[in-house]
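Enquirer: Pasting the sequence and the predicted coordinates here, then a few questions.
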Amino acid sequence: AQSVTQLGSHVSVSEGALVLLRCNYSSSVPPYLFWYVQYPNQGLQLLLKYTSAATLVKGINGFEAEFKKSETSFHLTKPSAHMSDAAEYFCAVSASNAGNMLTFGGGTRLMVKP
Amino acid sequence: EPEVTQTPSHQVTQMGQEVILRCVPISNHLYFYWYRQILGQKVEFLVSFYNNEISEKSEIFDDQFSVERPDGSNFTLKIRSTKLEDSAMYFCASRVGAARTDTQYFGPGTRLTVL
């Protein structure tokens, strides 16, 4: 079975500051990990995914995440926050069963202060 | 760019009524999913569907729920007799292939309110 924990349901940063959103996983098989973003009144949009090809994964909108097996982590970072980054961010792990469904973390709401 | 669409965006219903939520997955995708998100809670998997049958379902997906692909484009979720606790945002997703690494593309969701 797989699970994901996101530390911090709310994170607030100033515009231009570093964004760090934390995700830890538990998986009995090699994990495949995803970060999705949800803007207000919209669906979930893929930011990036880890597929074992490279431990540092670059995504859209300047975000990246690093897979660290020793720490069972897949934290999302962005060097400089923009106001438009304010949204909810979800980390998810793909199951190894026939349906390959996603198991999501609880989400982190990112607020960006001017 | 192709996208998953869902209708309606909002649905209000009385407890005990049947509702059908509709989704049009991306046209060349073969795997379809329903998830839900109760307000303030995690996004939860309900069911996956491939080759006209359910491939996995969660404990939430009991006999009150059913899914169907009635034609080549639509994918529906039916709740036979809604309960107050069914109030949630329901997301449809689709995926092109069978690899665990394939991206699931999500629709904008249907907000279901059961009164």
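Expert: Alright, I've got the coordinates.

Enquirer: check contacts around the residue in chain A that chain B sits nearest to.
Expert: Relative to chain B, the nearest point of chain A is residue A:99 (3.1 Å; Cβ to the nearest Cβ). For the C-beta atoms, the positions are set from N, CA and C on the backbone; glycine is no exception. Taking Cβ atoms under 8 Å, 6 or more residues apart in numbering or on different chains, we find residue A:99 in contact with B:31, B:33, B:45, B:48, B:50, B:55-56.

Enquirer: Around chain A, which positions in chain B sit nearby?
Expert: Within chain B, the positions adjacent to chain A are B:4, B:6, B:31, B:33, B:35, B:41-45, B:48, B:50, B:55-56, B:58, B:91, B:93, B:95, B:98-109 by Cβ under 8 Å from any Cβ of the partner chain.

Enquirer: okay, now residue B:100: neighbour count?
Expert: 16 (other Cβ atoms under 10 Å in any protein chain shown).

Enquirer: brain fart, residue B:50
Expert: With other Cβ under 10 Å as criterion, residue B:50 counts 18.

Enquirer: Surely it is in contact with residue B:31?
Expert: Yes. Counting by Cβ atoms under 8 Å, residue B:31 is a contact partner of residue B:50 at 5.1 Å.

Enquirer: now the strands for chain A?
Expert: A:2-5, A:10-14, A:19-21, A:24-27, A:33-38, A:44-50, A:56-58, A:64-68, A:73-78, A:87-94, A:102-104, A:108-113 (DSSP state E).

Enquirer: Just send these back as JSON lines, with mean pLDDT and distance to residue B:22 too.
Expert: What follows is the strands of chain A, written out as JSON lines (pLDDT from 0 to 100; distance: least, Cβ to Cβ, whole Å):
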{"stretch": "strand A:2-5", "mean pLDDT": "92", "distance to residue B:22": "29"}
{"stretch": "strand A:10-14", "mean pLDDT": "97", "distance to residue B:22": "33"}
{"stretch": "strand A:19-21", "mean pLDDT": "98", "distance to residue B:22": "33"}
{"stretch": "strand A:24-27", "mean pLDDT": "92", "distance to residue B:22": "33"}
{"stretch": "strand A:33-38", "mean pLDDT": "95", "distance to residue B:22": "21"}
{"stretch": "strand A:44-50", "mean pLDDT": "94", "distance to residue B:22": "18"}
{"stretch": "strand A:56-58", "mean pLDDT": "95", "distance to residue B:22": "34"}
{"stretch": "strand A:64-68", "mean pLDDT": "96", "distance to residue B:22": "34"}
{"stretch": "strand A:73-78", "mean pLDDT": "98", "distance to residue B:22": "32"}
{"stretch": "strand A:87-94", "mean pLDDT": "94", "distance to residue B:22": "24"}
{"stretch": "strand A:102-104", "mean pLDDT": "93", "distance to residue B:22": "21"}
{"stretch": "strand A:108-113", "mean pLDDT": "97", "distance to residue B:22": "29"}
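
Enquirer: and these as a markdown table, adding distance to residue B:85 and mean neighbour count?
Expert: Below are the strands of chain A laid out as a markdown table (distance: least, Cβ to Cβ, whole Å; neighbours: other Cβ atoms under 10 Å in any protein chain shown):
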| stretch | distance to residue B:85 | mean neighbour count |
| --- | --- | --- |
| strand A:2-5 | 23 | 17 |
| strand A:10-14 | 25 | 14 |
| strand A:19-21 | 30 | 18 |
| strand A:24-27 | 27 | 18 |
| strand A:33-38 | 22 | 24 |
| strand A:44-50 | 22 | 21 |
| strand A:56-58 | 37 | 14 |
| strand A:64-68 | 34 | 18 |
| strand A:73-78 | 32 | 21 |
| strand A:87-94 | 22 | 24 |
| strand A:102-104 | 19 | 23 |
| strand A:108-113 | 24 | 16 |
